[in-house]
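Student: Show me the folded form of this:
(one chain, ligands or ions: 1)
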Amino acid sequence: MTRYFCHEQPDTLVLETRVVNARPGAVLLERSPFHPGGGGQLADRGVLRWSGGEVTVAGIEAAPEGFWHLLADPVELAGAVETVVDPAFRSMMAQLHTDTHILNALVFRDFSGALVTGAQLNADGTARMDFDLPEADNERLRALEGEINDVIRQDLPVRYAYVTEAEALGERGLVRNRSVAPPPAADGTIRIVEIVGLDRQACGGTHLASTRGSRPLRILKIDNKGRHNRRVKIGLAD
Ligand SMILES: [Zn+2]
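Tutor: Below you'll find the predicted structure:
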C-alpha cells in the first residue's frame, strides 16, 4: 500500500504541483491529492488547471513509475498545474467507505468473525459488501440498519496508525478481507483505520473524520450469492 498524499492530508483537495511526465491526455504529477481508487473504492474525480485552461481527470492508472492521471481531452501538459479534487464525490466515497467499516464491524461481531469476500463502492451513493456467511439469517442482517445509524449518530472519531505486517497479521480481525490483505508500504508497515470504540482494520481508503459526517444509511437488499456468500447492498439516504 503506497502512502498517498490524501492519507497524510485528507482535507487538502486543491494542490499546486508539477507535471513530471506527460503524454497526450495523461500526466504523472510530482504530488497529487487524488485517491487512485482500489480495494473497492472508486478513484477521486476532479480537474487539472493550468495557465491555458482546465481539463477533467477521467481516471487514474497505476504504473510502476506512479499514478497516471488520465485526462478527458488529449492535451499535453508540462510545468505547473493545479489539481482540484471534486469535494462532493470525495465526501460521498468517504461516507460510504466509513459506513462499510461500520457494517463490517457489526457483522464481524455478531456473526462469529465473518470475513469480507468483496466490496464495491458505486458512484450513485450505494455500495455492496459480500460476506462469508453460510448460515446467516437475512432478517438478522437487515436488523443491523438501526445499529449502523446509532453508530453514525454517536459521532465516533476515526483515527489512523501504522503497524508492522507481523502485528497486523497477529491481531484477530485486523485484516478483515478474506481474499485481499493490503500490501505493506515501502517501509513494511500497514495502515490501520480505527473507528474509536468500534473497529480496527487494515485499509488504504478515504474515510470521514468522525462517523456523524455520514448521511443515514439504508440496507437496500440482501442476496444469497452461492452457498457461502451473502451480498448486502447499502445506500446513503437522500
Ligand atoms: Zn476503509
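Student: Which residue would be the closest one in the chain to the ion?
Tutor: Closest residue of the chain to the ion, C-beta to the ion: residue 203 (3.2 Å). C-beta here means a position set from N, CA and C on the backbone, and glycine is covered the same way.
Student: Please tell me how far that residue sits from residue 58.
Tutor: 25 Å (C-beta to C-beta, to the nearest Å).
Student: same question, residue 160
Tutor: Taken as C-beta to C-beta, the span from residue 160 to residue 58 is 29 Å.
Student: Tell me how far residue 70 lies from residue 64.
Tutor: Taking C-beta to C-beta, one finds residue 70 at 17 Å from residue 64.
Student: Of these two, give the one with the bigger neighbour count.
Tutor: residue 70 (15 against 4; other C-beta atoms under 10 Å).
Student: what about the strands in this structure?
Tutor: Here the chain has its strands, by DSSP state E, at 14-23, 26-29, 46-50, 53-63, 66-71, 79-85, 116-121, 126-132, 158-164, 189-195, 199-202, 217-225, 229-236.
Student: Read off the pLDDT value for the residue of the chain most remote from its centre.
Tutor: Most distant from the centre of the chain: residue 52, at 32.7 Å, with distances by C-alpha atoms, centre = their mean. We have a pLDDT of 90 for residue 52.
Student: ok, stretch 128-140 near the ion or not?
Tutor: No: counting by C-beta under 5 Å from the ion, the ion is not contacted by stretch 128-140; separation bottoms out at 11.5 Å.
Student: mind saving the C-alpha coords of that stretch as CSV?
Tutor: What follows is stretch 128-140 as a C-alpha-only set of coordinates in CSV (Å, rounded to 0.1, in the frame of the first residue of the first chain):
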residue,chain,number,x,y,z
ARG,A,128,-22.2,-3.7,-1.8
MET,A,129,-20.4,-5.9,0.6
ASP,A,130,-20.0,-9.6,0.3
PHE,A,131,-19.5,-11.7,3.5
ASP,A,132,-18.6,-15.3,4.0
LEU,A,133,-21.8,-16.1,5.9
PRO,A,134,-23.1,-19.6,5.1
GLU,A,135,-25.6,-19.9,7.9
ALA,A,136,-26.8,-16.3,8.5
ASP,A,137,-30.4,-15.3,8.8
ASN,A,138,-31.1,-12.4,6.4
GLU,A,139,-33.5,-10.8,8.8
ARG,A,140,-30.8,-10.6,11.5
